[in-house]
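Got a predicted model here, sequence first, then my questions.
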Amino acid sequence: MSRRQIPADCLQPAPAEELAVRSADGTRLHVEVHGQPGAPTVLLAHGWTCTTHFWAPVIHRLADRYRVVVYDQRGHGRSEIPSSRARYSTRALAEDLAAVLTRVVPEGERAVLAGHSMGGMTIMAGAARPEVAGRTAAAVLISTGPSDLLAEVRIVPDAVRPPGLRRFLHRQVLRSRLPLGPVGPVSRAGLKYAIMGTDAPAERTEVAVRMAHACPTGVRANWARVLDRLDVRPGLARLAVPTAVVVGAEDRLTPPVHAHRMVAALTDPQGLLLLPGVGHMAPLERPAEVAAEIDRMATAHLPARRAEDSGTEDSGADESGAERPTVTADPERTAVA
């Protein structure tokens, strides 16, 4: 796909600042700061096989009102690849988040955290750490789950029996060390089925497919081992800040059953947004709704900033001219397709 074929909002904007942050074990993390200096901070954590570029459509929709921080999870993008398999763990994810937050959010201030897939698991894993808890005003968990991921994955059809066989097949697919190779019709079709919804435009599917192909094979497999045995339910229970949950109705990797379980376990649930026709890559497939949900939480739980402070007026529309969806106080709601 040429640069001209990539949707305009999927082009990563130039950051205002780039940082190199060292985690507790010395792993170097690539961090970018976008948006308005001095504005309330929103931190976005991406998922397995993605990079900071995954958040581009959301950054475009938030950067006029917020200071938006993104970072590459260890092994991904421009962050350092861990030197051993032992450095892939939920503890490492939590330590990375703590290191980034400590660097970008001064003590006494707080940010809204939004995490997609493994990024949501990162927020849950780090919830009890004082560096995280003390700097978090609210959270948005997107297309994610706290445990039992292989039991709920829906890539292999339910018609395949028994359930133990489906679990085995899912494990083999997710843990595979086979290189994805160049993007082709077979890999494109397979990944679209696994990670995108039926409504996903071909151009956005292509962005997701190429991002997955670019992830180093060893990194992909080592993180898959962590996800295989994931259990961050204790962290979820200790996530004390107001928290919203977002999931695509057609998410095959972290189906809506996880979203319902998380809402039931949260200390301060702020609603579940179900996106019809959307798969696992909700921020890429429906960025307007995801950005609006992050904006809703930031507006409610971060200090207000007057529009004149940033020199922009919030018209209630994203750059495409579409109105942001109206948010209700219902504990569970469905976005209009």
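Yep, it's here.

Just give the number of residues close to the closest residue in space to Leu141 that isn't next to it in sequence.
What sits nearest to Leu141 in space, not counting adjacent residues and going by CB to CB, 6 or more residues apart in numbering, is Gly120, at 4.2 Å. (C-beta placed from N, C-alpha, C; glycine too.) Neighbour count of Gly120, defined by other CB atoms under 10 Å: 30.

correct me, but Gly120 touches Leu149?
No - contact criterion CB atoms under 8 Å: Gly120 and Leu149 do not qualify, at 11.8 Å.

Show the low-confidence segments of the stretch 151-300 of the chain, by residue range.
Residues of the stretch 151-300 of the chain that meet the criterion pLDDT under 70 lie in 156-183.

in it, which spans are strands?
Listed in chain order, the strands of the stretch 151-300 of the chain (DSSP state E, counting those that start in this stretch) span 243-248, 269-275.

Could you identify which of those strands is most buried?
Mean neighbour count (mean count of other CB atoms under 10 Å) peaks for strand 243-248 among those, with a mean of 27.

What are the contacting residues of the helix or strand hosting Gly120?
Under the criterion of DSSP states H and E, Gly120 resides in helix 118-126. Contacts to helix 118-126, defined as CB atoms under 8 Å, 6 or more residues apart in numbering, come from residues 44-48, 73, 90-91, 93-98, 113, 115, 132, 139, 141-146, 223, 227, 230, 232-233, 235-236, 239.

Taking those, please make a ChimeraX selection of just the buried ones.
Burial among the contacts of helix 118-126 is assessed by 16 or more other CB atoms under 10 Å; the matching ChimeraX selection reads:
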select :44,45,46,47,48,73,90,93,94,95,96,97,98,113,115,132,139,141,142,143,144,145,146,223,227,230,232,233,235,236,239
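
State the distance from Leu227 to Cys50.
To Cys50, Leu227 is 13 Å away according to CB to CB, to the nearest Å.

shared neighbours of those two, which are they?
By CB under 8 Å, 6+ apart, no residue touches both Leu227 and Cys50.

Distance from the helix or strand that the helix holding Gly120 is followed by to the middle of the chain?
For helix 118-126, the following helix or strand on the C-terminal side (DSSP H and E) is helix 130-133. On the basis of CA atoms, centre = their mean, to the nearest Å, helix 130-133 is displaced by 19 Å from the centre of the chain it belongs to.

residues in contact with the helix or strand just after helix 130-133?
Tracing the chain past helix 130-133, the next element assigned as helix or strand by DSSP H and E is strand 136-142. Contacts with strand 136-142, where a contact means CB under 8 Å, 6+ apart, come from 101, 110-117, 119-120, 123-124, 127, 239, 241-247, 259, 262, 270, 282-283, 290, 293-294, 297-298, 300-302.

next one: stretch 248-263
Residues from elsewhere that reach stretch 248-263 (CB under 8 Å, 6+ apart): 117, 141, 143-146, 149, 152-155, 193-195, 197-198, 236, 245-247, 269, 272, 274-282, 285-286, 331-332, 334.

Which of the residues you listed fall in helices?
149, 152, 193-195, 236, 282, 285 (DSSP state H).

Adding distance to Pro106, write those out as CSV.
Below are the ones in helices among the contacts of stretch 248-263 laid out as CSV (distance: CB to CB, whole Å):
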residue, distance to Pro106
Leu149, 35
Glu152, 39
Tyr193, 45
Ala194, 40
Ile195, 37
Leu236, 27
Ala282, 31
Glu285, 34
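
Name only those of those residues that count as buried.
Among the ones in helices among the contacts of stretch 248-263, the ones that count as buried (16+ other CB under 10 Å) are 149, 152, 194-195, 236, 282, 285.

Let me have those residues in JSON lines, extended by distance to Gly26.
Output for these, formatted as JSON lines (distance: CB to CB, whole Å):
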{"residue": "Leu149", "distance to Gly26": "29"}
{"residue": "Glu152", "distance to Gly26": "35"}
{"residue": "Ala194", "distance to Gly26": "34"}
{"residue": "Ile195", "distance to Gly26": "32"}
{"residue": "Leu236", "distance to Gly26": "28"}
{"residue": "Ala282", "distance to Gly26": "33"}
{"residue": "Glu285", "distance to Gly26": "36"}
